[in-house]
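In: Predicted model and sequence follow; I will ask about them next.
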Amino acid sequence: MQNNYMLTSIQKGIFVKEIENRFLCQVIVDGIQQICYIPSSCRLDNFIDLEGKSILLIPTKGRKNATKFAVLAVEFKRNYIILNSNLANRVVEQGITSRRFFYLGKRSLVRREFIVDDYKCDLYIEDSDTLIEIKSIITLKDVEIFPSVYSKRALRQLDQLYWCLKNGRNVVYIIISMNPYLKSIYLDSKSEFYSKYVRCINKGMKAVAYTCRLNKEMSIELYKQIGIDY
């Protein structure tokens, strides 16, 4: 298994704006303005101002796609911020057998989007009965609050993970910064998320955070482990 996520046929463009449909935006490609796909569950302008920025695009797959390109990343400092938050899952999955994840123990049987105790986890390690939940964060900052926007889904997931822990399962909560320069993540101790998160930690959940980056081979790779502060 590779330790990074390979990309092909990358195209450059200039971001114009997001449009009413949260999954679409206007981008200038080779001097022509066209509609491109944004593979994100939230509007990007909730996290980052992309207007006029140089971005990377990749071809959309499948005949039914109405757009030719999908937004991949925005140029930032000497690297890029990955804008496709779904790739956080793929990067962790590709690197799960590397030494970086030694603390997970044996990892010969890893399943994607597997249901355990009625909970659909991002990855499940059968060898150790371990559920892995992967979250991504998009930001320009050096230190960012997590989660940066209120999410009922994230709160509900923590409740479900708590019951998995009570049932004797192992749970690992992995936060991936799509910005390679993020130094640490901060949890607001007054938030509802924090109280549910700490309840899971006290029950045995392990939480770790990493940054990812686009390397010279145009592959997305895990970069550095960063702290989670309270």
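Out: Perfect, I can see it now.

In: Show me the beta-bridge partners of the residue sitting nearest the centre point of the chain.
Out: With distances taken as Cα atoms, centre = their mean, residue 136 lies nearest the centre of the chain, 2.9 Å away. In this entry, residue 136 is beta-bridged to residue 176, by DSSP bridges.

In: Would you agree it is in contact with residue 178?
Out: Yes. Using Cβ atoms under 8 Å, residue 136 is in contact with residue 178, at 5.8 Å. (C-beta placed from N, C-alpha, C; glycine too.)

In: From residue 199, how far out is the residue nearest to the centre of the chain?
Out: In this view, residue 136 and residue 199 are 23 Å apart by Cβ to Cβ, to the nearest Å.

In: do residue 112 as well
Out: Applying Cβ to Cβ, the value for residue 112 to residue 199 is 27 Å.

In: Which of the two has more residues huddled nearby?
Out: For the pair residue 112 and residue 199, the greater number of neighbours falls to residue 199 (15 against 12), based on other Cβ atoms under 10 Å.

In: hang on, that one is in a strand, isn't it?
Out: No. With DSSP: H, G, I helix; E, B strand; the rest coil as the criterion, residue 199 is assigned helix and is not in a strand.

In: for it, what are its contacts?
Out: Residues in contact with residue 199 (Cβ atoms under 8 Å, 6 or more residues apart in numbering) are 158, 162.

In: Please apply the same query to residue 122.
Out: Residues in contact with residue 122 (Cβ under 8 Å, 6+ apart) are 89, 92, 112-113, 132-134.

In: So it versus residue 74, what's the distance?
Out: To residue 74, residue 122 is 24 Å away according to Cβ to Cβ.

In: shared neighbours of residue 136 and residue 178, anything?
Out: Contacts common to residue 136 and residue 178, judged by Cβ under 8 Å, 6+ apart, are 85, 88.

In: Which positions in the longest helix anywhere in the chain come out as buried?
Out: Assignment by DSSP state H gives helix 152-166 as the longest helix of the chain. Using 16 or more other Cβ atoms under 10 Å as the test for burial, helix 152-166 gives 154-155, 157-158, 160-162, 164-165.

In: For those, could you give me JSON lines that also reports distance to residue 34?
Out: Formatted as JSON lines, those follow (distance: Cβ to Cβ, whole Å):
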{"residue": "154", "distance to residue 34": "34"}
{"residue": "155", "distance to residue 34": "38"}
{"residue": "157", "distance to residue 34": "36"}
{"residue": "158", "distance to residue 34": "40"}
{"residue": "160", "distance to residue 34": "41"}
{"residue": "161", "distance to residue 34": "41"}
{"residue": "162", "distance to residue 34": "46"}
{"residue": "164", "distance to residue 34": "44"}
{"residue": "165", "distance to residue 34": "47"}
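
In: Could you export the residues you listed as TSV, including distance to residue 61 and pLDDT?
Out: Formatted as TSV, the buried residues of helix 152-166 follow (distance: Cβ to Cβ, whole Å; pLDDT from 0 to 100):
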residue	distance to residue 61	pLDDT
154	29	94
155	33	96
157	28	97
158	33	97
160	31	97
161	32	97
162	37	98
164	33	97
165	37	97
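
In: Next up, the contacts around the residue nearest to residue 17 when sequence neighbours are not counted.
Out: Leaving aside its sequence neighbours, residue 17 sits nearest to residue 26 (Cβ to Cβ, 6 or more residues apart in numbering; 5.5 Å). By Cβ under 8 Å, 6+ apart, the residues touching residue 26 are 16-17, 19, 33-36.
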